[in-house]
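Peer 1: dropping a prediction and its sequence here:
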Amino acid sequence: MRRLTFFLLTIGLLLSNALSAAAQDQAPPNPQGPVYIVEEGDTLFMIAIRFGISLDDLLKANAEINPNLLAPGMEVVIPGLEGVQGRLVTETIQLGESMRSLSIRHQIPTAQIARLNRLTGPMEVFAGASLVLPDQGEAARPVSRYPVEDGVSLLQYAASSGQNPWLLTEINQMQGTWDLLPGETLFTPPPTPESETSAGAETLSLVSPLLKSVEVTPLPLAQGFTAVVKVSAPQPVELSGSLAGSPLRFFPNGENQWVALQGIHAMAAPGIHPFILSGKLPDNRSFAFEQMVVVQAAGYTREDINGVDPSTIDPVVTQPENDQVSAIVAPATPTKYWDGPFLSPGYDPNWITSWFGTRRSYNASPYSFFHTGVDYGGGVGLEIKAPAPGVIVFAGPLTVRGNATIIDHGWGVYSGFWHQSEIKVAVGDHVQTGQVIGLVGGTGRVTGAHLHWEVWVNGVQVNPLTWLEQTYP
């Protein structure tokens, strides 16, 4: 009897160990929820708000994390998101993306995208916005590849391009191979060497299947910065459009490639602004596209300027001069004179006494003014140098700006130099980078001698320092 009891206990232990090992081999998924990858500037409080959960619940799910030591790249478990698993990453939405395209590219329902980002409708997908999305890995994401022509069925396209029609149906969230609209852009599996060379394998833009690509950089946009719009097409196209209310001007920049530069006003309201693009091909086919883009506040500070001659801030005096300068910088010369970053025009590039975009009060006025350029310190008579090649389009005295010079760099880009003691160039002169164009002075609306330098891009003043740091376009 004892032997039987011992035998049964032994068998029980063996079965218990086997079941335990099997349970370990088939560990259940993390019951706490998906993992969010921390971005620069995140705090646990901000993460809790973003996902609509309480800070207490977030802290309980991440008891091992010190809230004071949160760093980019760390993993934070997000509780309460039933049905969502894996890693959650923050993605900046590019131009042309929609709720449908995001759903297809990430292979998740639109309802899940809306839930993760607390969206109330498909129209809330703005270019430049940051959305939280499951990380599928770039290699696994479908890509847009081919606009289906009128009369071509999904089966015909699949046969001509070497694609699996049933896989295309699944990826594009169709009910069947018949569920295809004429002109619709299909998403296909990631390309392989074989599919790259097959018919119709060219990747096309989500903005329009008539275009290869449309890009607006940087995204999101910011007050006082220069936006670059690049368009590439399979063939010539006539382009027009606008950004944040300003008409765009496109210039050829390679074979069937175009570029437009546009300044974002330093006092533009933070939020969403419209981007509009339309075009017409030689065969009279056309397209029209519109999407809202995000413009962020640039965090400009305030400063008080006192002891200024009241007449120089009187709109009766300032408005005609502003109108005069605006008219001078309005044309967009088709020739691009510059190549590469600009050169600082100041005697000492590091001696900046006032920064672009600063909100200003003159003689205790409201902060309704902003500094339209960069001020370089220096005494009367120091040399001012051309920051880039161009043509002199104005050289003379103005009431507010004093002795002023304006250079046309082409493509709607201009430089202005105010308050000079002496002007060294004349209208019509072609100048080169580093050429002396004038001397520092204290003429016009000033409280001391300095150089004020500003840059206009398609009729809008932008931060000149960005033109020293990078090459446009």
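Peer 2: Received, thanks. Note that the structure is predicted; figures quoted are calculated from it, not measured.
Peer 1: and residue 85, what pLDDT?
Peer 2: pLDDT recorded at residue 85 is 81.
Peer 1: that one in helix, strand or coil?
Peer 2: coil (DSSP: H, G, I helix; E, B strand; the rest coil).
Peer 1: near it, how many other residues are there?
Peer 2: Residue 85: 13 surrounding residues under other C-beta atoms under 10 Å. Backbone N, C-alpha and C define where each C-beta goes, glycine included.
Peer 1: hmm, it is touching residue 34, no?
Peer 2: Yes. Between residue 85 and residue 34 there is a contact at 5.4 Å, judged by C-beta atoms under 8 Å.
Peer 1: was I right about residue 62 contacting residue 78?
Peer 2: No. If you go by C-beta under 8 Å, residue 62 and residue 78 don't touch, sitting 9.2 Å apart.
Peer 1: so for the two, which residues contact both of them?
Peer 2: Common neighbours of residue 62 and residue 78 are not found (criterion: C-beta atoms under 8 Å, 6 or more residues apart in numbering).
Peer 1: pLDDT score for the nearest residue to residue 428 once chain neighbours are set aside?
Peer 2: Nearest non-adjacent residue to residue 428, counting by C-beta to C-beta, 6 or more residues apart in numbering: residue 392, 6.4 Å away. For residue 392, the pLDDT comes out at 98.
Peer 1: contact partners for residue 392?
Peer 2: Contacts of residue 392 by C-beta under 8 Å, 6+ apart are 405, 406, 407, 408, 425, 426, 427, 428, 429, 430, 431, 437.
Peer 1: if we use 7 Å, what do you get?
Peer 2: By C-beta atoms under 7 Å, 6 or more residues apart in numbering, the contact list for residue 392 reads 405, 407, 425, 426, 427, 428, 429, 431.
Peer 1: what's the burial count for residue 280?
Peer 2: 16.
Peer 1: that one contacts residue 286, doesn't it?
Peer 2: Yes. Assessed by C-beta atoms under 7 Å, residue 280 is found in contact with residue 286 at 4.5 Å.
Peer 1: can you classify residue 157 by secondary structure?
Peer 2: From three-state DSSP, the assignment for residue 157 is helix.
Peer 1: measure it to residue 442 for me?
Peer 2: 70 Å (C-beta to C-beta, to the nearest Å).
Peer 1: more neighbours: the two, which one.
Peer 2: residue 157 (23 against 16).
Peer 1: which pLDDT value goes with that one?
Peer 2: The model's pLDDT for residue 157 equals 78.
Peer 1: how close does it get to residue 188?
Peer 2: Distance from residue 157 to residue 188, by C-beta to C-beta: 10 Å.
Peer 1: what do you get for residue 426?
Peer 2: 60 Å.
Peer 1: between the two, which is the more surrounded one?
Peer 2: residue 188 (23 against 10).
Peer 1: the more buried one reaches residue 164, doesn't it?
Peer 2: No. Using C-beta under 7 Å, residue 188 is not in contact with residue 164; the gap is 9.5 Å.
Peer 1: which residues do the two both contact?
Peer 2: Taking C-beta under 7 Å, 6+ apart as the criterion, residue 188 and residue 164 do not both touch any residue.
Peer 1: which ones are touching the residue positioned nearest the centre of the chain?
Peer 2: When C-alpha atoms, centre = their mean is applied to the chain, the residue found nearest the centroid is residue 219 (0.8 Å). Contact partners of residue 219, counting by C-beta under 7 Å, 6+ apart, are 92, 94, 127, 128.
Peer 1: if we go to 8 Å?
Peer 2: 92, 93, 94, 95, 127, 128, 293, 294.
Peer 1: could you identify the helix or strand that succeeds the helix or strand hosting residue 227?
Peer 2: Assigned by DSSP states H and E, residue 227 belongs to strand 226-232. Downstream of strand 226-232, the first helix or strand assigned by DSSP H and E is strand 238-243.
Peer 1: so what strands line up beside that next one?
Peer 2: Here strand 238-243 has these sheet partners by DSSP bridges: strand 246-247 (antiparallel), strand 271-280 (antiparallel).
Peer 1: to the chain's geometric centre, what's the distance from that strand?
Peer 2: Strand 238-243 sits 18 Å away from the centroid of its parent chain (C-alpha atoms, centre = their mean, to the nearest Å).
Peer 1: residue 401 contacts residue 418, correct?
Peer 2: Yes. Using C-beta under 8 Å, residue 401 is in contact with residue 418, at 4.0 Å.
Peer 1: joint contacts of these two?
Peer 2: With C-beta under 8 Å, 6+ apart, residue 401 and residue 418 have common neighbours 444, 452.
Peer 1: any idea where the strands of the stretch 301-450 of the chain begin and end?
Peer 2: 302-305, 352-354, 359-362, 369-370, 374-376, 383-385, 390-398, 402-410, 413-423, 430-431, 436-440 (DSSP state E, counting those that start in this stretch).
Peer 1: isn't residue 453 right up against residue 387?
Peer 2: Yes. The pair residue 453 / residue 387 is scored as a contact, 7.5 Å apart, by C-beta under 8 Å.
Peer 1: neighbour count winner among those two?
Peer 2: Between residue 453 and residue 387, counted using other C-beta under 10 Å, the more crowded position is residue 387 (26 against 23).
Peer 1: how about that one, nearest residue that isn't a chain neighbour?
Peer 2: residue 342 (4.0 Å).
Peer 1: for that neighbour, which residues are in contact?
Peer 2: 387, 388, 415, 433, 455, 464, 467, 468 are the contacts of residue 342 under C-beta under 8 Å, 6+ apart.
Peer 1: I'd like those as JSON lines, with distance to residue 259 and pLDDT appended.
Peer 2: Converted to JSON lines, these look like this (distance: C-beta to C-beta, whole Å; pLDDT from 0 to 100):
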{"residue": "387", "distance to residue 259": "20", "pLDDT": "98"}
{"residue": "388", "distance to residue 259": "17", "pLDDT": "98"}
{"residue": "415", "distance to residue 259": "19", "pLDDT": "98"}
{"residue": "433", "distance to residue 259": "21", "pLDDT": "98"}
{"residue": "455", "distance to residue 259": "17", "pLDDT": "98"}
{"residue": "464", "distance to residue 259": "20", "pLDDT": "98"}
{"residue": "467", "distance to residue 259": "15", "pLDDT": "98"}
{"residue": "468", "distance to residue 259": "20", "pLDDT": "97"}
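Peer 1: let me know the closest of the residues you listed to residue 106.
Peer 2: residue 467 (37.0 Å; C-beta to C-beta).
Peer 1: ok, which stretches of the protein are helices?
Peer 2: 2-25, 44-51, 55-61, 99-106, 110-117, 154-161, 165-171, 193-196, 315-328, 464-469 (DSSP state H).
Peer 1: and of the ones you listed, who's closest to residue 223?
Peer 2: helix 464-469 (12.2 Å).
Peer 1: related to what we said a few turns ago, so for the residue nearest to residue 387, what's the pLDDT?
Peer 2: Looking at residue 342, the pLDDT reads 98.
Peer 1: I'm done for today, thanks for sticking with me.
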